[in-house]
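[1] Return atomic coordinates for the entry below.
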Amino acid sequence: MSQLTEKERFCLQAYLITKDKKMAFVCSREKPLKSEGEGFRVNLSKWFNSDKVQAFIQEYQTQARASDIDRGMEGQDIGKAELVRELTILFRREKDPKLKADIGMKLADLQQMKKEQTEQEEQIKYYLPLQCSKCALYLKEKEAIGKAGQPEG
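    Numbering: from 1, shown residues only. Below is the predicted model of the structure:
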């Protein structure tokens, strides 16, 4: 990425927003272009397909996604279902196999957490019987019987 000039990086960032390859290529050149027609398309394609440009685009898109996710999480908690949905959308859109694998791993981890949570909910709970001397119903009845047995005065 350091092979790109400041002007090229700026034009590539503009391309990522506008999706106008032609304008980004023309503006990124230090000198006015002399090629036209097929020669222009070849130069455009060669520049966009170069390793340095592709590396920049990939890194910028990754950073943009990360910052979008960070901004979305600030000030609000995202539920697990919503997070799974968002990660699934990212997983389907992603073309980079390495990033797609990472997203897939995160999805699997998240879904495993869901499974653990349901296992805890399905867990059998045992309740110990309450002693009569501590039961509110027993104490209330005993008190009522005690008052009924006393002579009114």
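[2] Can you tell me how far Q58 is from C135?
    68 Å (C-beta to C-beta, to the nearest Å). Glycine gets a C-beta too; all of them are placed from N, C-alpha and C.
[3] Could you list the low-pLDDT ranges of this structure?
    Scanning the chain for pLDDT under 70 picks out the ranges 1-2, 68-78, 113-118, 151-153.
[4] For K140, what is the enclosing helix or strand?
    Element membership for K140 (DSSP states H and E) is helix 136-149.
[5] With A108 instead?
    Using DSSP H and E, A108 sits in helix 97-121.
[6] Give me the distance from that helix to the chain's centre.
    Distance of helix 97-121 from its chain centroid, counting by C-alpha atoms, centre = their mean, to the nearest Å, is 12 Å.
[7] Output the contacting helices and strands for that helix.
    helix 80-93 (3 or more C-beta pairs under 8 Å, 6 or more residues apart in numbering; DSSP states H and E).
[8] Can you give the distance of the helix it packs on from its chain's centre?
    Distance of helix 80-93 from the chain centroid (C-alpha atoms, centre = their mean) equals 7 Å.
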